[in-house]
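Visitor: Here is my input, please return the structure:
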Amino acid sequence: MRLQRLVRDPTLYAAIFAALLPFLLSAGVALATSKQYVISQLGRAFTPVEVTIRRGDTVQILNDDGDLLHHVYLESNLFKFDSGDQGPGSRTNIVFPIVGTFAVLCAIHPKMKLTVHVK
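Guide: Numbering: from 1, shown residues only. Coordinates of the predicted model:
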């Protein structure tokens, strides 16, 4: 009987919402302030070749080559990423969750290198 009254009590829901509100707002602020940076793959090169971002930002790699496959990967002691093969026109997103400097490479074209500085 008590449980039924508790479940129907609107003040309980208001108290739970009030307790969770700061966490919900801080998550919304984090999502609203993250940015996306678009990096082009064209002519067997990344453009630009270097970018500085903030932790939590997204780097989108766009294969702008009309007839070339690319295969983006990142390997460090702190963070790993592998896109698999990217066909022409495809987009791959990399979210950088930690601070550091990372080399993003193409497994198909070994001279391609993008340096990402995460602050």
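
Visitor: From Ala45, how far off is the residue nearest the centre of the chain?
Guide: A centroid search over the chain (Cα atoms, centre = their mean) returns Val95, at 1.8 Å, as the residue closest to the centre. Taking Cβ to Cβ, to the nearest Å as the criterion, Val95 is separated from Ala45 by 23 Å. From N, CA and C alone the C-beta is placed, and that goes for glycine too.

Visitor: about what we covered before: the residue nearest to the centre of the chain contacts Arg54, correct?
Guide: No - using Cβ atoms under 8 Å, Val95 is not in contact with Arg54; the gap is 11.4 Å.

Visitor: Walk me through the domains of this structure.
Guide: Using automatic domain parsing, the domains assigned to the chain come out as 2-32, 34-118.

Visitor: just flag whichever of those domains has the lowest average confidence.
Guide: Across the domains of the chain, the stretch with the lowest average pLDDT is domain 2-32; it has a mean of 57.

Visitor: Return the most buried member of the domains of the chain.
Guide: The highest average neighbour count among the domains of the chain, using mean count of other Cβ atoms under 10 Å, belongs to domain 34-118 at a mean of 15.

Visitor: before we move on, back to that, quickly list what the residue nearest to the residue nearest to the centre of the chain when sequence neighbours are not counted is bridged to.
Guide: Distance criterion Cβ to Cβ, 6 or more residues apart in numbering; nearest residue to Val95, sequence neighbours excluded, is Thr58 at 5.1 Å. When assigned by DSSP bridges, Thr58 has beta-bridge partners Gln36, Val95.

Visitor: need the contact list for Thr58.
Guide: Contact criterion Cβ atoms under 8 Å, 6 or more residues apart in numbering gives Ser34, Lys35, Gln36, Tyr37, Asn93, Ile94, Val95, Phe96 as the residues in contact with Thr58.

Visitor: Which residues are in contact with the second one?
Guide: This means Lys35. With contact set as Cβ under 8 Å, 6+ apart, Lys35 has these partners: Ile53, Arg54, Asp57, Thr58.
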